[in-house]
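Student: no sequence on hand, only this structure:
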DNA sequence: CGGGGACTTGATACTGTTCAATTTCCGTGG
DNA sequence: CCACGGAAATTGAACAGTATCAAGTCCCCG
């Protein structure tokens, strides 16, 4: 397709994967896209519950989610676990492993999913030749840092209900960015997993959801959620105002 | 100096800065070191309380701490703040800003400090030419991700005393790595700052420290701390065992 | 259609917060 | 050099938010 002398496309229609994170903002020529496509041609599918990788495994590749939903978790020796993120289509998993050449978390499919494997050595090599790809890789790594620090803020200085509201709004935004409804969606994870992510117990998650519902902020039934009052959620729900 | 046929040095004695993070594990020839030195020749000093940068400021450079001590913090609009880290000599600040070209946190000197400024565009350019530098940059970014996720684990699934014990042990390790005593050191930050970092109130920090002292794990007076029982701290102090 | 995990809800316990009173220390200015 | 003022830290008591324990319901999957 790069036969046409047309200017480089504004963003890449990555033929191999749904690489929102990796491809979208990069300005490349057709040949360069081909090189990138080469990089991302390894595809795999994972069924619900399967591991994409396990903590301790040797690091070779990053993984871009084409379709589906994953969670990542780290485990303390005493068995305590912390879910460090929920990843959806277009997002990248595995960046924690670059530092030590071994994965530091488990990645597990929450529904049947398809991923692109991106051999990291090749990505590094190509990014040496394509400054805009290099730039973009750095941005992606940095974005993960910013995301994690946002969660630190959440965990460190917000109440259980505020954390849950922020979580729902974050999902909402990410679904919207993918063309799905921002106000009605299906939770792929259990209350326990939400709780682990947000630093609270599953009962507290359940109570907070019920509470939101009673106050007209959401309607929830099992795993399906409808956000009814986005500004109300954003404002942080204050139970004292509502008796 | 690569005139000599001697092998590349095992690590770099960075003439400009105390770049433990940036330089140490990189294998480079003399010329290459010179290029890197060029990159890090901008030096500045900051007095206690001064800002290295503020949230929102345009991103141009990373900063490597030569000497001194910094904190980084993010602020929620409602005034809540979360301290995201305490950085000491040899560590790098500013990586969060790569993603959006603007700093997302404030960096403030906790004591008089000296930093190297590393223009990021130049670092990217040089790392395109030196694969081992590129690799190392990626490792540093990834290490920050791992660090942040460790703090998420802390905040999400540990008790106040466990968090504080982990914090003290982390400081201990980092001082030890710099040739200082791992068991006797001076806290550069207030109880309130420790609390903000660990997601608890200053009173809780103070009580926990007193509690550790009463149980012979540490001795503490104001800002000076002595760790008396590292294994005890590591095991996580359980107040029920000790009546 | 049956079994078991996921979820909800209630009662109670406990960790950590809040409010408040003191004490200690450090830097500043007389 | 000492005195002073204010921030930092400690400690206590009451309170709030969340965890824990327990019982029961609902579904989803086999």
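Tutor: Arrived safely, thanks for sending. On a predicted model such as this, the values are computed, not experimentally measured, just so you know.
Student: residue A:154: neighbour count?
Tutor: Counted with other C-beta atoms under 10 Å in any protein chain shown, residues neighbouring residue A:154 total 24. Backbone N, C-alpha and C define where each C-beta goes, glycine included.
Student: my guess is it meets residue A:198, correct?
Tutor: Yes: using C-beta atoms under 8 Å, residue A:154 is in contact with residue A:198, at 7.2 Å.
Student: name the residues contacting each of those two.
Tutor: residue A:163 (C-beta atoms under 8 Å, 6 or more residues apart in numbering or on different chains).
Student: and the longest helix belonging to chain A, does that touch chain B?
Tutor: Longest helix of chain A, by residue count under DSSP state H: helix A:131-157. Yes: judged by C-beta under 8 Å from any C-beta of the partner chain, helix A:131-157 and chain B are in contact via A:131, A:134-135, A:137-146, A:148-153, A:155-157.
Student: doesn't residue A:180 fall inside a helix?
Tutor: No: counting by DSSP: H, G, I helix; E, B strand; the rest coil, residue A:180 is not part of a helix but coil.
Student: which residues of chain A lie near DNA strand C?
Tutor: A:187, A:190-192, A:202-203, A:205-207, A:209-210, A:220, A:222-223 (C-beta under 7 Å from any atom of the strand).
Student: next step: those residues restricted to helices.
Tutor: Judged by DSSP H, the residues of chain A next to DNA strand C include A:191, A:192, A:202, A:203, A:205, A:206, A:207, A:209, A:210 as members of helices.
Student: what helices or strands is the longest helix of chain A leaning on?
Tutor: Packed against helix A:131-157 by the contact rule (3 or more C-beta pairs under 8 Å, 6 or more residues apart in numbering or on different chains; DSSP states H and E) you find helix A:20-23, helix A:120-129, helix A:160-177, strand B:61-75, strand B:81-88, helix B:120-129, helix B:131-157, helix B:191-198.
Student: try it again at 6 Å.
Tutor: Judged by 3 or more C-beta pairs under 6 Å, 6 or more residues apart in numbering or on different chains; DSSP states H and E, helix A:131-157 is in contact with helix A:120-129, strand B:81-88, helix B:131-157.
Student: my guess is residue A:156 meets residue B:152, correct?
Tutor: No: between residue A:156 and residue B:152 there is no contact under C-beta atoms under 6 Å: 9.6 Å.
Student: okay, now the unreliable bits of chain A?
Tutor: Under the criterion pLDDT under 70, the flagged ranges of chain A are A:1-27, A:236-243.
Student: who touches the residue nearest to the spatial centre of chain A in this structure?
Tutor: Most central in chain A under C-alpha atoms, centre = their mean is residue A:87, positioned 2.7 Å from the mean C-alpha point. Taking C-beta atoms under 6 Å, 6 or more residues apart in numbering or on different chains as the contact definition, residue A:87 lies against A:65, A:70, A:93.
Student: and which of the residues you listed is nearest to residue A:116?
Tutor: residue A:65 (8.1 Å; C-beta to C-beta).
Student: number of nearby residues for that closest one?
Tutor: Other residues close to residue A:65 by other C-beta under 10 Å number 27.
Student: re earlier: in a markdown table: the helices and strands packed on helix A:131-157, plus distance to residue B:33.
Tutor: As requested, these are exported to a markdown table (distance: least, C-beta to C-beta, whole Å):
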| stretch | distance to residue B:33 |
| --- | --- |
| helix A:120-129 | 19 |
| strand B:81-88 | 24 |
| helix B:131-157 | 10 |
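Student: do you know which of these lies nearest residue B:115?
Tutor: strand B:81-88 (9.8 Å).
Student: quick one: the nearest residue to residue A:148 once chain neighbours are set aside from residue B:154, how far?
Tutor: Excluding the flanking residues, the one nearest residue A:148 by C-beta to C-beta, 6 or more residues apart in numbering or on different chains is residue B:148, at 3.6 Å. Counting by C-beta to C-beta, to the nearest Å, the gap from residue B:148 to residue B:154 is 10 Å.
Student: report the angle between the longest helix of chain A and strand B:61-75.
Tutor: 30 degrees (axes from the mean of the first three to the mean of the last three C-alpha atoms, to 10 degrees).
Student: for DNA strand D, what are the nearby residues on chain A?
Tutor: A:159, A:160, A:161, A:199, A:200, A:201, A:203, A:204, A:221, A:222.
Student: ok, now with 10 Å
Tutor: A:48-49, A:111, A:158-164, A:195, A:198-208, A:211, A:221-224, A:238-240 (C-beta under 10 Å from any atom of the strand).
Student: related to what we said a few turns ago, quick one: residues contacting the closest residue to the residue nearest to the centre of chain A other than its chain neighbours.
Tutor: Distances taken as C-beta to C-beta, 6+ apart place residue A:70 nearest to residue A:87, at 4.6 Å, with adjacent residues excluded. Contacts for residue A:70 (C-beta under 6 Å, 6+ apart) come out as A:87, A:107, A:109.
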